[in-house]
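Enquirer: Structure, please.
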Amino acid sequence: MKFIELKNVNKTYSTGVTAIADMSVVIDKGEFVFVIGHTACGKSTFIKMLYREEKPTKGSVVVGGVNVAKLRNGRVYKLRRKIGVVFQDFKLLPKLTVYENVAFALECLGISSKEIKPKVLKAIEIVGLKEKARSFPHQLSGGEKQRVCIARAIVNEPKLLICDEPTGNLDPDTSKEIMKVIDNINKDLKTTVIMATHDKEIVNRMKKRVLLIEHGVLTGDYLKGSYKSHEGV
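Expert: The predicted structure follows:
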C-alpha cells in the first residue's frame with residue numbers, strides 16, 4: 001500500500017545549489033528503507049522534505065495522502081504529529097528525567113496528563129528503558145540517550161519514523177542494539193521507517209530496501225540492498 005510518493009521533485013537552494021534533481025520514488029506502508037550516499041549528496045534534504053522542514057522547488061511530496069509540498073505553514077504541526085524523528089545528536093533536555101523528556105513531546109501537543117502517562121510508559125518499555133525512567137541524561141550512556149530519543153519519537157504512535165544518522169555517534173555494538181530496537185518498531189508496530197546513514201556494516205547486515213542518492217539524483221533502488229563497491233559509497 002503506497003504511503004510516500006515523491007514525483008518529479010527538485011530542490012534548488014537560493015545559493016543556486018541543487019540538492020535534489022527530478023526525483024521520483026514510492027515507499028509502501030510498513031517498509032524499512034535506508035537512504036545512503038556521500039556527504040552532501042541530498043540525503044538530509046530528502047529526509048527534511050518528508051516532514052516539511054524543507055519544501056521542494058518543483059514536484060510533489062505526498063505522505064499519507066497529504067501533499068506536504070502544498071501544506072500551509074499553519075497545518076504543518078498536524079503532519080508532524082504523525083511523524084517521529086530521531087537525530088544523530090540526541091537533543092535531550094538535560095534537566096528532565098527520561099520519563100519527562102518523553103512526556104514533554106506529548107505535552108507540547110496539548111495532550112492531557114491522564115493520557116500521557118500510559119503512552120510514555122509504553123514507549124519507554126518498548127526501547128528497554130523501564131528501569132531508567134527517573135534517570136537524567138547525564139546518567140545515561142550514549143546508547144541509552146538514543147533510546148530515549150526513539151521513545152520520544154514513537155510516543156505518539158506515529159505512522160512514520162524518520163531516522164537521520166541515529167548511530168553516527170555510537171560505537172558498533174551499541175549501534176547494533178539501537179538498530180534492533182528500530183527494526184522491532186518496524187516489525188511489531190508496523191511503523192514505516194526511513195533511515196539516512198553512512199554505516200555500511202548496518203546496511204549490509206540488515207538487508208533492507210536501499211535508496212542510493214548521488215549529487216541529488218536517485219541512482220539506485222535495491223530490495224534487500226547493501227553498500228556495493230561499484231556504487232562508490
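Enquirer: Confirm that Lys187 sits in a helix.
Expert: Yes - the assignment for Lys187 by DSSP: H, G, I helix; E, B strand; the rest coil puts it in a helix.
Enquirer: how many neighbours does it have?
Expert: 12 (other CB atoms under 10 Å). In short, each C-beta sits where N, CA and C put it, glycine included.
Enquirer: in the sheet, who's paired with the residue nearest the centre of the chain?
Expert: In the chain, the residue lying closest to the centroid (CA atoms, centre = their mean) is Ile162, at 1.3 Å. Beta-bridge pairing for Ile162 (DSSP bridges): Val85, Ile194.
Enquirer: wait, it sits on Arg80?
Expert: No - using CB atoms under 8 Å, Ile162 is not in contact with Arg80, being 10.4 Å away.
Enquirer: for the helix or strand harbouring Lys114, packing partners?
Expert: Using DSSP states H and E, Lys114 falls within helix 113-126. The contact analysis (3 or more CB pairs under 8 Å, 6 or more residues apart in numbering; DSSP states H and E) places helix 113-126 against helix 98-107, helix 142-154, helix 172-188.
Enquirer: Identify all contacting residues around the longest one.
Expert: This means helix 172-188. Applying CB atoms under 8 Å, 6 or more residues apart in numbering, the contact partners of helix 172-188 are 30, 32, 126-128, 141-143, 146-147, 150, 154, 161, 163, 166-167, 170, 191-193, 195, 199, 201-202, 206.
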